[in-house]
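**Student:** need coordinates for the below:
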Amino acid sequence: MISLRQRIVWASLLGSAALASSGAFAQAPAATTTPAAPAAAVAQADTTAAPKAQHKRMDPAQRMERMKEHRAKRLAALKDKLKLTAAQESAWTTYTTANQPPAGARPQRMDRAEFAKLTTPERLERMQTRQAERSAMFAKRAEATKTFYAALSADQKKTFDAETVHAGGHGHRGHGGHRGHDGQRDAAPVKS
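**Tutor:** Here you go, the predicted structure:
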């Protein structure tokens, strides 16, 4: 029987052999290369990593502003694709107004330590109140969308359906399931 230590030794030897045979341990290049090449590679790596680091450190106010700009662009593009008539403009305004994020800052979340001090029924009450607020906002948006949709022609409805099919997937928790390598959703598990 092979001990764990022997397995580790064999695995490391096999890994080293695989790397050596694949050319990963190639000899160092000749001394004719300039030392600026590694510095340029490091500088390029830093610039490619910078956007990720910048995104993580973005100020919440800047992030909200960027989201507002992105939303405005999406709505402008949708409006252009719908080719609204003058009679539909008021319905569009009502629709976009109802679908605006709530004015002002988001409701402040209760501190975890403060939330932990509550009794279970009190915590449940807080969660239920927040859920009711979200449901009311959703109902308002849904009603405005249905009213706007009713004002559209058949071709505009097709365009609206195609352009807004992914709208429910936005946000932190709206992923809608994992996707495979081909972009398709994973199949639902088979129940036996």
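**Student:** I'd like the average pLDDT over whichever strand or helix holds Glu143.
**Tutor:** Taking DSSP states H and E as the criterion, Glu143 maps to helix 120-150. For helix 120-150, the mean pLDDT works out to 93.
**Student:** next: stretch 166-182.
**Tutor:** For stretch 166-182, the per-residue pLDDT averages 51.
**Student:** next SSE downstream of the lowest-mean-pLDDT helix or strand in the chain?
**Tutor:** Lowest on mean pLDDT, DSSP states H and E among the helices and strands of the chain sits helix 36-56, with a mean of 54. Heading C-terminal from helix 36-56, the first helix or strand you meet, by DSSP H and E, is helix 60-82.
**Student:** for Ala11, phi and psi?
**Tutor:** phi -60, psi -40 (degrees, to the nearest 10).
**Student:** surely Gln100 is in a helix?
**Tutor:** No. Secondary structure of Gln100 (DSSP: H, G, I helix; E, B strand; the rest coil): coil, not part of a helix.
**Student:** Met58 versus that one, what's the distance?
**Tutor:** The gap separating Gln100 from Met58 is 22 Å, by Cβ to Cβ, to the nearest Å. Backbone N, C-alpha and C define where each C-beta goes, glycine included.
**Student:** looking at these two, which is more packed in?
**Tutor:** Ranked by neighbour count (other Cβ atoms under 10 Å), Gln100 and Met58 place Met58 first, with 13 against 10.
**Student:** skipping adjacent residues, who's closest to that one in space?
**Tutor:** Nearest residue to Met58, sequence neighbours excluded (Cβ to Cβ, 6 or more residues apart in numbering): Arg66, at 7.7 Å.
**Student:** one step back: now the helix holding Glu143: buried residues?
**Tutor:** 144-145, 148 (16 or more other Cβ atoms under 10 Å).
**Student:** want to throw these into a markdown table with distance to Ala86?
**Tutor:** Listed next are the buried residues of helix 120-150 as a markdown table, based on distance: Cβ to Cβ, whole Å:
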| residue | distance to Ala86 |
| --- | --- |
| Ala144 | 20 |
| Thr145 | 21 |
| Phe148 | 15 |
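**Student:** quick check, Arg5 in a strand?
**Tutor:** No. Assessed with three-state DSSP, Arg5 is helix; it does not lie in a strand.
**Student:** ok, now how distant is it from Ser12?
**Tutor:** 11 Å.
**Student:** also Pro102?
**Tutor:** Pro102 sits 57 Å away from Ser12, going by Cβ to Cβ.
**Student:** got it, and Ala132?
**Tutor:** According to Cβ to Cβ, Ala132 and Ser12 sit 59 Å apart.
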